[in-house]
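K.L.:
Okay, predicted coordinates and the sequence, questions at the end:
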Amino acid sequence: MSRKRSVPAVIISVILVIAVWAYREYVAKPGTTKEAGNGTAAGSNDGDTRRTPDTADAPRPPETLEDALRPGELALIEAFRARRSDLVLEASANVFRILEDDNEGSRHQRFILKLKTGQTVLVAHNIDLAPRVPVSVGDKVYLKGEYEWTDQGGVLHWTHRDPANRHAHGWIELDGKRYE
């Protein structure tokens with residue numbers, strides 16, 4: 001009887017993995033087919049210029065949903081769903097929108113990240129304690145900071161060194177350069 005109950009769960013898991021893989025390969029990366037250098041693919045007579053991927057290039061579906069996400073994204077998603085705060089996390093995501101600086105009190109550079117799930121996270125980077133990060137919309141950033149839950153997706157702050165050494169040091173990395 002337990003076998004009958006587990007079959008639907010396995011089927012749903014397999015469908016989810018395939019859907020995530022298909023999204024990543026065909027929706028998230030439009031126009032990324034590799035082209036052959038001169039005419040048709042080997043063994044083809046129909047004029048198709050797409051190259052058949054080598055075995056090493058062949059996309060493989062992720063084994064789990066965790067594999068389909070960028071490093072740290074799962075932690076942000078779980079923290080949001082569980083309404084958790086005061087969590088020091090490392091993550092990477094793309095810059096979705098750049099906001100005006102918050103100049104009240106300590107000055108903060110603000111921008112919004114968008115995760116693959118559609119969840120957004122506000123980054124509040126203290127520019128009185130750390131250099132401004134020259135981000136643009138679409139840039140991929142890696143960061144470490146403290147996550148605070150909000151109903152809009154959450155806030156990551158403490159993305160800089162703590163001069164008093166009483167808090168975990170954070171950072172933002174863009175194009176291999178770390179801003180802390």
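P.N.:
Looks like it came in fine. Residues are numbered from 1 along each chain as shown.
K.L.:
Contacts only, for residue 148.
P.N.:
Contacts for residue 148 (C-beta atoms under 8 Å, 6 or more residues apart in numbering) come out as 85, 86, 154, 155, 156, 157. For every residue, glycine as well, the C-beta is placed using N, CA and C.
K.L.:
residues touching the last one, list them.
P.N.:
Residue 157 makes contacts with 108, 123, 124, 125, 126, 145, 146, 148, 170, as judged by C-beta under 8 Å, 6+ apart.
K.L.:
Out of these, grab the one that's most surrounded.
P.N.:
The residue in the contacts of residue 157 with the most neighbours, by other C-beta atoms under 10 Å, is residue 125 (28 neighbours).
K.L.:
what's around the nearest residue to residue 153 once chain neighbours are set aside, how many residues?
P.N.:
Of all residues not flanking residue 153 in the chain, residue 120 sits nearest, at 4.3 Å (C-beta to C-beta, 6 or more residues apart in numbering). Applying other C-beta under 10 Å, we find 16 residues neighbouring residue 120.
K.L.:
For residue 147, give its distance to residue 103.
P.N.:
Between residue 147 and residue 103 the distance, using C-beta to C-beta, to the nearest Å, works out to 23 Å.
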